[in-house]
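Q: have a look; sequence and predicted model below, questions after that.
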Amino acid sequence: MPTVNTGGIIMEHGVFINDMAQAGYLKVDYSRFKDIEKIENNSSTIDELNLEGDEISSLKAVGVNLYDNSLVGKFLIYGTNVYTSRPRIAGVEIIPLKEALLLYPDIKAKYYFKAVDREQDEVTRTAYKKEQNGYFIRVKKNVVVDIPIHTALFMHKENSVMCIHNIVVLEEGAQLHLITGCTSGCTLKEGLHIAVSEHFVGKGAKLTNTMIHNWGSDFVVRPKTATIVEDDGTFVSNYYSVKPPKNIQTNPFTHLKGKNASAKYMTVLASLPNTYSDIGGTVLMTGENSGAELVARAVNHGGTVNQTGLLIGAAKGVRAHVDCSGLMLSTEGVIEAIPGLRAMHPDARMSHEAAIGKIDTGEVNYLQSKGLEEMQAIALIVRGFLDIGIEEEGFEPELQKAIQQISELSGHGEE
Amino acid sequence: MLVIKDLHAKIEDKEILRGINLTVKPGEIHAIMGPNGSGKSTLSAVLAGNDKFEVTEGEVSFNGKKLLELPPEDRSREGLFLSFQYPVEIPGVSMVNFMRTAVNEHRKYKGEEALSASDFLKKMRDKKKLVEIDSKLTNRSVNEGFSGGEKKKNEIFQMAMLEPTLSILDETDSGLDIDALRIVANGVNKLKTENNATILITHYQRLLDYIVPDYVHVLYKGRIVKSAGKELALELEEKGYDWIKKEFED
């Protein structure tokens, strides 16, 4: 039986990536890492923070500028320390989750492990058992935050484990764009990042959650995210993996509970040799006339990519579309695209598409004949492939450069 | 400007060009006509550097350089422009990014500085006006969802932006209604100077009512079998290609 090398895993042809998951490949080997470090509850202000130049650049490369005073709010977990800034507008709270639990006893009853099931898996059980810290962000009723809040989770110790629990609450009519950057800086090689994130989008509220990952080559990453959206609420999830870890598995879940609620996931992923990226998304629609769209793009330079999207239509008038596309830029590696639909109501209107292929040589020839070098042409085409309408205006120049590099990697054919 | 000597080319094992000879001087317009399958588009693709075709014999000199030794992008930067018969759609790649990259690469090749964003946008505006192309088209992805006519207008717009010394228009008239044909032809005529030259590849005489050629060549079975003035196009229009086929049948 012929075999294919998929990021360090020898897999027989015909064996699905999902079978690998069942075979235990996704199990996290905690013994490889140091103990989970306790994140302090004593937060300091961002002003007290003294980052090195390359750390500031690493944060900017995941979209976070802690020194931008025009931002409405900032929050950083740096190793085991928490840094916050006082929100610049009334009606916005950004505090460590542990502090929030002490300040507001109702949070535990209303939000704490109410979107994510604490018994879901080993990661959620660990986060629950260890009572992990993270951010608690709340935007009060009808408060519209039109300048983003930047939050960052920065791992700076080799072989460490960061375990986070975040909660975001948007009350009725509130609006927020949250940019969260997760990074291990530019020198770290190995570590484990696990995170539980719970989002609650109230009636008519809109949460845009832009998440950017940039990890060391031997990192293992397990984000567990769930969002609940009420009537007329909107949840937009933008995810960029500008440099993948060795192994990531995430399947953010959104429950469109309210009437006319909507969700949009846009995922852009670069895969490199010896990496495994299982990036999915599941939306359950039980609210009448709710709608969901999942758009995933992967550029594969030789790793293993699993794009799984599942839309579940379980109410009158729901509409949904899932689109998973991949570009294979290497003879090594695998992309498996599984756009899934599950209709549980006769009125559900749902569709899917998936396409995997290599770069069209006709497109490259066309651009070359107008004066572009082959590598420039390929980079431009890949950039176009990745352009799925994420609003990038206002992104840090360093992040724009990092996104640009996803396509330029292909041009240079190297890591 | 362009001297083609005994050019032979094949695709896989099929020989398409079987000894082309052609000389084009600055200020001239040449029309190349011929029946389907005679090698017209192959000639333009070979000159532009499409690697699907293999040149087996002959040489091409362009502004004193050995054209066939240059990669496609350098042919373009040297001043050769190919207007595609079937312009390619490239989803997600904006016309603005494409043109800015192309124009600045041409400038870099000539040792000139890249255009500033404002100078580039001004150039876009001026050229759009010159070739009567709708702004909506240049704000979209390259050729994506364009009609046949819009794609051809977009080629002429690119030609205006890149200011080539030799333009090869490969069946630019195909699929155009009479208004679009007029706009495209006007664009070509406006871009014409005594220092640049044009090769029109076409099936029909009607394009030549708008762009008047100095020479008309008939390509048949991979060779130029007849060359004359504009009157040859009228004769072909009237008599078709059968008489050529009979005269030059192997």
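A: Received, thanks. Numbering: from 1, shown residues only, chains lettered A, B, ... in the order given.

Q: how many neighbours does A:Thr331 have?
A: 7 (other CB atoms under 10 Å in any protein chain shown). No exception for glycine: its C-beta is placed from N, CA and C like everyone else's.

Q: how near is it to chain B?
A: 19 Å (CB to the nearest CB, to the nearest Å).

Q: work out for me the element that residue sits within.
A: Under the criterion DSSP states H and E, no helix or strand holds A:Thr331.

Q: got it, and A:Leu71?
A: A:Leu71 belongs to no helix or strand when elements are defined using DSSP H and E.

Q: verify the stated contact: it with A:Ile147.
A: Yes - A:Leu71 is within contact range of A:Ile147, at 6.1 Å (criterion: CB atoms under 8 Å).

Q: which one's more surrounded, these two?
A: Neighbour count, other CB under 10 Å: between A:Leu71 and A:Ile147, A:Leu71 has more, with 20 against 14.

Q: run the chain-centre distance for stretch B:219-227.
A: 18 Å (CA atoms, centre = their mean, to the nearest Å).

Q: same question for stretch A:270-281.
A: Mean C-alpha position of stretch A:270-281 versus that of the full chain (CA atoms, centre = their mean) differs by 12 Å.

Q: end-to-end on it?
A: Stretch A:270-281 has an end-to-end distance of 17 Å (CA to CA, to the nearest Å).

Q: tell me where the chain has helices.
A: Let's take chain A. A:17-22, A:53-61, A:97-103, A:106-110, A:122-129, A:361-368, A:374-386, A:397-412 (DSSP state H).

Q: if you could check chain B rather than the one you did, that'd help
A: B:40-48, B:72-77, B:95-109, B:117-131, B:135-138, B:148-162, B:178-191, B:206-210, B:231-239, B:242-248.

Q: and the average pLDDT for the last one is what?
A: It refers to helix B:242-248. What helix B:242-248 shows for mean pLDDT is 81.

Q: need the contact list for residue 43.
A: No chain specified, so I'll use chain A. Taking CB atoms under 8 Å, 6 or more residues apart in numbering or on different chains, we find A:Ser43 in contact with A:82-84, A:95-96, A:99.

Q: correction: the question concerned chain B.
A: Contacts of B:Leu43 by CB under 8 Å, 6+ apart are B:7, B:17, B:20, B:32, B:201, B:219.

Q: could you rerun that using 6 Å?
A: Listed by CB atoms under 6 Å, 6 or more residues apart in numbering or on different chains, B:Leu43 has no contact partners.

Q: same deal with B:Gly79?
A: With CB under 6 Å, 6+ apart, B:Gly79 has these contacts: B:164-165.

Q: quick one: it from A:Thr80, how far?
A: Distance of B:Gly79 to A:Thr80, computed by CB to CB, to the nearest Å: 63 Å.

Q: again with A:Asp387
A: From A:Asp387 to A:Thr80 the distance is 38 Å (CB to CB).

Q: looking at these two, which one has more neighbours?
A: Set A:Asp387 next to A:Thr80 and count neighbours by other CB under 10 Å: A:Asp387 wins out with 19 against 14.

Q: neighbours of the closest residue to the more buried one other than its chain neighbours, how many?
A: Counting by CB to CB, 6 or more residues apart in numbering or on different chains, the nearest residue to A:Asp387 once its immediate chain neighbours are dropped is B:Gly92, at 4.2 Å. Burial measure for B:Gly92: 19 neighbouring residues, criterion other CB under 10 Å.

Q: what residue in the stretch 151-300 of chain A comes nearest to chain B?
A: A:Arg297 (9.6 Å; CB to the nearest CB).

Q: how about the stretch 301-415 of chain A?
A: Closest point on the stretch 301-415 of chain A to chain B, by CB to the nearest CB, is A:Gly384, at 2.7 Å.

Q: list the residues that contact the nearest residue to that residue once chain neighbours are set aside.
A: Leaving out its chain neighbours, the residue that sits closest to A:Gly384 by CB to CB, 6+ apart is B:Gly92, at 2.7 Å. By CB under 6 Å, 6+ apart, the contact set of B:Gly92 is A:384-385, A:387, B:141.

Q: switch to 8 Å and redo it
A: If you count contacts by CB under 8 Å, 6+ apart, then B:Gly92 has A:381, A:383-387, B:141 around it.
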